[in-house]
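Undergrad: sequence plus predicted model, see below.
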Amino acid sequence: MRIHFIAVGGSIMHSLAIALHQAGHQVTGSDDQIYDPARTKLDKAGLLPDKDGWDAERITEDIDVIVLGMHAFEDNPELIRATILGLNIVSFPEFIFQQSQNKHRIVIAGSYGKTTITSMIMHVLKSEGRNFNYLVGANVPGFENSVKLDEDAPTLIVEGDEYLSSRMDRRPKFLLYQPHMVVISGISWDHINVFPTEDEYVDQFAFLLKSLEKAAVVIYNENDQRLTNLAKKYVDEDRQYLHPFGIPSYKVKGGQYEIKIKGEKQKLQVIGKHNMANIAAAWEVCDLLGIEVVDFLKHMATFTGAKSRMETVSETENKLVIKDYAHAPAKVQATVEAVRERYKKRNLIACVELHTFSSLNKEFIPLYKNTLKKADYKIIFIDPHALQKRRMPAISREDLVKAFGDKSLIYLTESSSIEDTIRKCQTGDDVILMMSSGNFDGLNLKNL
């Protein structure tokens with residue numbers, strides 16, 4: 001096929017473009033700005049646009065499919081031209097579904113843990129020599145690209161989120177995949193710019209459950225009461241397709257986690273109670289795919305995590321720097337508690353960057369209350385440009401102290417002051433936890 005990507009620089013968009021190019025399709029793309037790592041990857045694949053910006057002349061009648069990204073607005077000249085020509089315009093979730101209708105589709109959903117659970121399943125299936133396709137929102141060790149889509153694999157593992165498919169298709173992405181098996185890790189309000197109330201946000205997961213075929217399997221976190229109620233309400237009454245999971249038995253000894261599933265024990269490289277729950281979710285999927293528990297745990301022992309998920313940036317005898325993608329309240333709290341559980345006696349310096357629309361919204365910020373409670377030093381960084389870009393009002397230290405419920409909070413608005421502040425918080429036996437879905441305004445974390 002001849003396929004053109006409008007807004008090819010997106011995290012999934014560029015990976016999908018590369019995957020389709022590798023599968024033999026004729027692929028082109030465009031974007032007004034493309035940042036690394038997408039820029040370098042597209043250039044290496046020979047897919048980097050010859051110039052930044054939109055150009056209607058790129059859109060010709062011989063294009064079979066236009067894949068439209070979230071970054072493209074309704075007045076995009078390439079989109080307008082494609083509409084005039086009557087071309088087939090789809091979002092990437094819709095495209096993925098069209099190309100996988102003959103596959104067994106497994107979607108990993110939920111407000112948190114999606115990437116890690118998806119990565120765990122991918123790691124196990126690859127270790128077992130299984131042939132499968134996948135789509136995941138991060139770089140996973142052992143996988144060259146974050147998307148693989150071909151005709152041969154019988155199974156597709158997808159990280160499916162609740163955000164809009166595109167500006168032309170405002171359905172949540174996970175609705176478009178029409179899964180045969182779905183995992184829901186938990187529900188915690190996010191994306192306030194799209195779902196202004198918590199009820200509207202929760203409704204998206206109800207829509208997902210109601211949309212499933214009668215025989216679809218639902219794997220859900222039984223410790224989330226709201227999710228449990230939804231699952232039992234919308235899944236077949238005989239419950240044969242409901243598979244609850246919780247936090248399995250585990251212990252921490254000498255800083256190392258050991259998990260126990262179905263009587264089998266295994267020491268792990270990942271840490272945190274939330275990751276024990278993630279493993280339990282991944283096990284339910286792998287069990288249903290016919291993998292033995294002994295083999296599953298053996299492969300879990302070699303799983304180190306997806307990039308930017310509890311990633312060790314640097315480590316010396318008395319200083320450890322960890323980077324994590326956590327930014328929403330539930331993610332921040334789970335990450336801080338995991339690091340505290342692992343490093344009980346060390347000085348924990350937790351630094352969070354608030355830069356998403358939700359996290360910068362004064363109505364949403366109170367959801368962060370007590371999320372940093374387990375840290376010894378608590379630092380919040382907000383880049384004023386992030387507020388200006390979203391046309392949002394300034395946030396004061398008083399706003400944050402009230403929202404987070406902590407008078408000791410340190411508030412920074414310049415990335416240049418982060419290093420000095422962290423240096424002053426150190427005691428000589430430190431764990432520095434940097435949490436953001438951004439990049440702290442370009443701060444080199446290795447300098448810490």
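TA: All right, it came through fine.

Undergrad: N439: how many residues sit nearby?
TA: Counted with other CB atoms under 10 Å, the neighbours of N439 add up to 17. (Each C-beta comes from the backbone N, C-alpha and C, glycine too.)

Undergrad: I'd like the distance between it and A386.
TA: From N439 across to A386, the span is 11 Å (CB to CB, to the nearest Å).

Undergrad: same check on A19?
TA: 31 Å.

Undergrad: specify which residue of these two has the higher count of neighbours.
TA: Each of A19 and A386 has its neighbours counted (other CB under 10 Å); A19 has more, 22 against 19.

Undergrad: from the contact counts, what lies against the strand or helix carrying V218?
TA: For V218, the element it lies in under DSSP states H and E is strand 217-221. If you count contacts as 3 or more CB pairs under 8 Å, 6 or more residues apart in numbering; DSSP states H and E, strand 217-221 packs onto strand 181-184, helix 225-234, strand 242-245, helix 273-288.

Undergrad: so of the ones you listed, which one's packed in deepest?
TA: The highest mean neighbour count among those, using mean count of other CB atoms under 10 Å, belongs to strand 181-184: a mean of 26.

Undergrad: what's the average pLDDT for that one?
TA: Across strand 181-184, the average pLDDT comes to 98.

Undergrad: so which elements touch that strand?
TA: In terms of contacts (3+ CB pairs under 8 Å, 6+ apart), strand 181-184 is packed against strand 104-109, helix 198-211, strand 217-221, helix 273-288.

Undergrad: can I get the third one in PDB? Just the C-alpha atoms.
TA: What it means is strand 217-221. Provided in PDB are the C-alpha atoms of strand 217-221 (Å, rounded to 0.1, in the frame of the first residue of the first chain):
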ATOM      1  CA  VAL A 217     -12.200 -12.100  28.300                       C
ATOM      2  CA  VAL A 218     -11.900  -9.300  30.900                       C
ATOM      3  CA  ILE A 219      -8.900  -9.300  33.300                       C
ATOM      4  CA  TYR A 220      -9.400  -6.600  35.900                       C
ATOM      5  CA  ASN A 221      -7.900  -5.300  39.200                       C
END
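
Undergrad: what lines up beside that strand in the sheet?
TA: strand 181-184 (parallel), strand 242-245 (parallel) (DSSP bridges).

Undergrad: in CSV: those strands, plus distance to E341.
TA: Formatted as CSV, those follow (distance: least, CB to CB, whole Å):
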stretch, distance to E341
strand 181-184, 24
strand 242-245, 20
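
Undergrad: and H25, which of those strands is closest to it?
TA: Each of these has some distance to H25 by CB to CB; the shortest is strand 181-184, at 27.6 Å.

Undergrad: hmm, who's touching that closest one?
TA: With CB atoms under 8 Å, 6 or more residues apart in numbering as the test, strand 181-184 has contacts from 104-110, 117, 160, 174, 205, 208, 212, 216-221, 227, 231, 281, 284-285, 288.

Undergrad: buried ones among these?
TA: Among those, those classed as buried by 16 or more other CB atoms under 10 Å are 105-110, 117, 160, 174, 205, 208, 212, 216-221, 227, 231, 281, 284-285.

Undergrad: for this structure, which residue occupies the most central location?
TA: What sits nearest the mean C-alpha location of the chain, by CA atoms, centre = their mean, is T115, with 4.6 Å.

Undergrad: show me the contacts for that one.
TA: Counting by CB under 8 Å, 6+ apart, T115 touches 136-138, 159, 306, 309, 325.

Undergrad: apply 10 Å and report the result again.
TA: 108, 136-138, 140, 146, 159, 161, 278, 305-309, 325 (CB atoms under 10 Å, 6 or more residues apart in numbering).

Undergrad: looking at those, which is nearest H191?
TA: Among these, D161 lies closest to H191 (CB to CB), at 8.9 Å.

Undergrad: what about the nearest residue to the closest one once chain neighbours are set aside, neighbour count?
TA: Counting by CB to CB, 6 or more residues apart in numbering, D161 lies nearest to K173, which is 5.5 Å off, once chain neighbours are set aside. By the criterion of other CB under 10 Å, K173 has 25 neighbours.

Undergrad: quick check: K173 touching V194?
TA: No - judged on CB atoms under 10 Å, K173 makes no contact with V194 at a distance of 11.7 Å.

Undergrad: what about the strands in the stretch 51-200 of the chain?
TA: Secondary structure of the stretch 51-200 of the chain (DSSP state E, counting those that start in this stretch): strands located at 65-68, 89-91, 104-109, 132-135, 147-148, 155-159, 181-184.

Undergrad: nope, the stretch 251-400 of the chain is what I meant
TA: Assigned by DSSP E, counting those that start in this stretch, the stretch 251-400 of the chain shows strands spanning 256-261, 264-267, 311-315, 319-324, 347-353, 377-381.

Undergrad: nearest to D169 among those would be which one?
TA: Ranking the strands of the stretch 251-400 of the chain by proximity to D169 (CB to CB) places strand 347-353 first, at 29.9 Å.

Undergrad: that closest one pairs with which strands, and in what direction?
TA: As assigned by DSSP bridges, strand 347-353 forms pairs with strand 377-381 (parallel), strand 430-435 (parallel).
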